[in-house]
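K.L.:
What follows is a predicted protein model with its sequence.
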There are 2 protein chains.
Amino acid sequence: MNKYHDVANKINLFIQENNLTRGSKLPTLTELANTYEVSKNTIIKALEVLETNGVIYQVRGSGTYVRGRHRKGFVNLTDVQGFHSIFREFNLSSKVIELKEIEAPSNVAEILEFTDQEKVYYIKRVRYIESRPFCVEESYYLKTIVPYLNEEIASQSIFNYLTEDLKINIRFSDLFMRIGKLNQEEAGYLELETHDPSLNIESIYYLSNGRPFNYSLIKYHHEEAQFFVQGNNF
Amino acid sequence: MNKYHDVANKINLFIQENNLTRGSKLPTLTELANTYEVSKNTIIKALEVLETNGVIYQVRGSGTYVRGRHRKGFVNLTDVQGFHSIFREFNLSSKVIELKEIEAPSNVAEILEFTDQEKVYYIKRVRYIESRPFCVEESYYLKTIVPYLNEEIASQSIFNYLTEDLKINIRFSDLFMRIGKLNQEEAGYLELETHDPSLNIESIYYLSNGRPFNYSLIKYHHEEAQFFVQGNNF
DNA sequence: CAGTGGTCTAGACCACTGC
DNA sequence: CAGTGGTCTAGACCACTGT
């Protein structure tokens, strides 16, 4: 663990434990540098982490303040781990509809950027939050990166399996979202009517060396899909 | 303009002018430091900017590479200036439905965090992209921050007016998104049917001192709403 | 194990806020 | 104009990648 991540966590804890609310002022940079016994620049780095995570904001010439505005039930889209980390607190489960090893269809091959035929795992599953159907997911994993996958793993958190068991480092992701309409099958899974709207998110996940290894198309139940994005300007 | 922003722009230009594609390798940190005649740390800062903007990614021990994946017509949600900057290339226009100065309704007062009665501008407008109706927007601006607004300004880019004429610095924003249904009036503006779905985004914009000054509820035409989010993990 | 990105420091100086 | 965050530097050292 880096020093600045460490300090960031400590400051974050400090905010939570003291119940600091929006607008509360934190100590100055030099004070923080003294109390955590690191250089001023390391404090700056730590606060930078907290700023991009939407925890604080800094005002030049004035001070550092707590940002913290949350709305319950909204999932942060900016966080790559989004769903997985936030839903740890909820009772999240999955039902696997289909799991097979196939040659990648051409559109997926194009997205995942390979020219030769490559094997992928195809998974279709319905995800439930507190036993309410939440989304239908179709996902393709490059077999060279994810050599093994079974129904038991897919019925739990694939993300945890990738990061904790396979030690895969997910570095960044591209999400594309738009509104779609459910077909009869999907509507059935989500307990909705055919042609009801859904929030569709196509996502591509990349390894730390920049290679795309997963493509997913997720259709969210229109009443359950609630997302937020924290923008920063500079 | 800072040195590192300057360098970031130059590197960005370099990428574009040389048509560097996904995966292309950039020079090393020390080489970049030499060619742009700044310290290594300033290069790191510059590359950090490009990384959070989704232009490049860096692999420790290996190098810096071009990320660049775009899909036409998708609006970047992470960028505070999102709509305004990207649509500069399109023919974007607005029709003002209503513009008035009112006491803030209680829900807006709560969101914008004031307890006393305060005046706000309320604006309702329909926005068109290439003359196709794109979204219906209802927006509230704190009058203490935005002292004047008229129909002419509102029919163009309010964002430009705020930043360029009033010299207001927007620092960050919170966006909340979900699917909604259009009422009869809204459907009329968007040339859709009543109860057709829409992508609704509630947004709160904050000044550089952390004060919220604007709240908007925007309902997007379901066929035109296409957004993307670039996630970074660390 | 050479090459490359990442962390950390100490310190000088700049730019902005708010009294 | 005092206080506070932001930029920039030079340099030491660490951690990871890929051959």
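P.N.:
Happy to help now that I have it. Numbering: from 1, shown residues only, chains lettered A, B, ... in the order given.

K.L.:
pull the CA atoms of stretch A:179-197 into CSV?
P.N.:
Extracted C-alpha coordinates of stretch A:179-197, given in CSV (Å, rounded to 0.1, in the frame of the first residue of the first chain):
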residue,chain,number,x,y,z
ILE,A,179,-32.5,3.4,-23.9
GLY,A,180,-33.7,0.2,-25.4
LYS,A,181,-36.8,-2.0,-25.6
LEU,A,182,-37.1,-5.4,-24.0
ASN,A,183,-37.9,-8.4,-26.1
GLN,A,184,-40.3,-11.0,-24.9
GLU,A,185,-37.6,-13.3,-23.3
GLU,A,186,-35.9,-10.4,-21.5
ALA,A,187,-39.2,-9.0,-20.3
GLY,A,188,-40.0,-12.3,-18.8
TYR,A,189,-36.8,-12.4,-16.8
LEU,A,190,-37.4,-8.9,-15.5
GLU,A,191,-41.1,-9.5,-14.8
LEU,A,192,-42.0,-6.7,-17.2
GLU,A,193,-44.0,-6.4,-20.4
THR,A,194,-42.6,-7.0,-23.9
HIS,A,195,-41.4,-3.6,-25.4
ASP,A,196,-41.1,-2.0,-22.0
PRO,A,197,-38.1,0.3,-21.9
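
K.L.:
Would you mark the buried spots in it?
P.N.:
Across stretch A:179-197, burial judged by 16 or more other CB atoms under 10 Å in any protein chain shown covers A:179-180, A:182, A:186-187, A:189-190, A:192, A:196-197. C-beta: built from backbone N, CA, C; applies to glycine.

K.L.:
So the closest residue to A:Ala187 other than its chain neighbours versus chain B, what's the distance?
P.N.:
Here the nearest residue to A:Ala187 in space, its sequence neighbours aside, is A:Thr194; by CB to CB, 6 or more residues apart in numbering or on different chains that works out to 4.7 Å. Counting by CB to the nearest CB, to the nearest Å, the gap from A:Thr194 to chain B is 14 Å.

K.L.:
How about A:Gly180?
P.N.:
Between A:Gly180 and chain B the distance is 9 Å, computed by CB to the nearest CB.

K.L.:
That residue bridge partners, please.
P.N.:
Per DSSP bridges, the residues bridged to A:Gly180 are A:Ser198.

K.L.:
Could you tell me which residues make contact with it?
P.N.:
A:197-200, A:219 (CB atoms under 8 Å, 6 or more residues apart in numbering or on different chains).

K.L.:
Mind putting the residues you listed into a markdown table with distance to B:Asn2 and pLDDT?
P.N.:
Shown next, in a markdown table, are those (distance: CB to CB, whole Å; pLDDT from 0 to 100):
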| residue | distance to B:Asn2 | pLDDT |
| --- | --- | --- |
| A:Pro197 | 44 | 96 |
| A:Ser198 | 44 | 96 |
| A:Leu199 | 38 | 95 |
| A:Asn200 | 39 | 95 |
| A:Lys219 | 43 | 96 |
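
K.L.:
how about the nearest residue to A:Glu151, chain neighbours excluded?
P.N.:
A:Val96 (5.0 Å).

K.L.:
Please compute how far whichever helix or strand the one you found is part of lies from its chain's middle.
P.N.:
Applying DSSP states H and E as the criterion places A:Val96 in strand A:92-103. Relative to its parent chain, strand A:92-103 has a centroid offset of 20 Å by CA atoms, centre = their mean, to the nearest Å.

K.L.:
I'd like the average pLDDT over that strand.
P.N.:
Strand A:92-103 comes out with an average pLDDT of 92.

K.L.:
Domain map for chain A?
P.N.:
With automatic domain parsing as the criterion, the domains of chain A are listed as A:3-66, A:75-228.

K.L.:
Tell me, please, the helix or strand in chain A that averages the lowest pLDDT.
P.N.:
The least trusted helix or strand in chain A, going by mean pLDDT, DSSP states H and E, turns out to be helix A:82-86, with a mean of 50.

K.L.:
returning to that earlier point: any chance of a markdown table for the contacts of A:Gly180, columns distance to DNA strand D?
P.N.:
Below are the contacts of A:Gly180 laid out as a markdown table (distance: CB to the nearest atom of the strand, whole Å):
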| residue | distance to DNA strand D |
| --- | --- |
| A:Pro197 | 41 |
| A:Ser198 | 37 |
| A:Leu199 | 34 |
| A:Asn200 | 33 |
| A:Lys219 | 34 |
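
K.L.:
Turn those into a markdown table, columns for distance to B:Thr144.
P.N.:
Formatted as a markdown table, those follow (distance: CB to CB, whole Å):
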| residue | distance to B:Thr144 |
| --- | --- |
| A:Pro197 | 39 |
| A:Ser198 | 41 |
| A:Leu199 | 36 |
| A:Asn200 | 41 |
| A:Lys219 | 44 |
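
K.L.:
Please point out which parts of the one helix or strand A:Tyr4 maps to sit buried.
P.N.:
Assessed by DSSP H and E, A:Tyr4 sits inside helix A:3-17. Neighbour-count burial for helix A:3-17 flags A:4, A:7-8, A:11-12, A:15 (criterion: 16+ other CB under 10 Å).

K.L.:
Against which helices or strands is that helix packed?
P.N.:
Counting contacts by 3 or more CB pairs under 8 Å, 6 or more residues apart in numbering or on different chains; DSSP states H and E, helix A:3-17 packs against helix A:29-36, helix A:40-52.

K.L.:
What residues does A:Val96 make contact with?
P.N.:
A:Val96 is in contact with A:123-125, A:151, A:154-155, counting by CB under 8 Å, 6+ apart.

K.L.:
How about A:Lys3?
P.N.:
A:Lys3 is in contact with A:38, A:42, counting by CB under 8 Å, 6+ apart.

K.L.:
got the contact list for the residue of chain A found nearest chain B?
P.N.:
Chain B sits closest to A:Pro197 of chain A, with a gap of 3.5 Å, by CB to the nearest CB. By CB under 8 Å, 6+ apart, A:Pro197 lies in contact with A:179-182, A:222, B:179, B:197, B:222.
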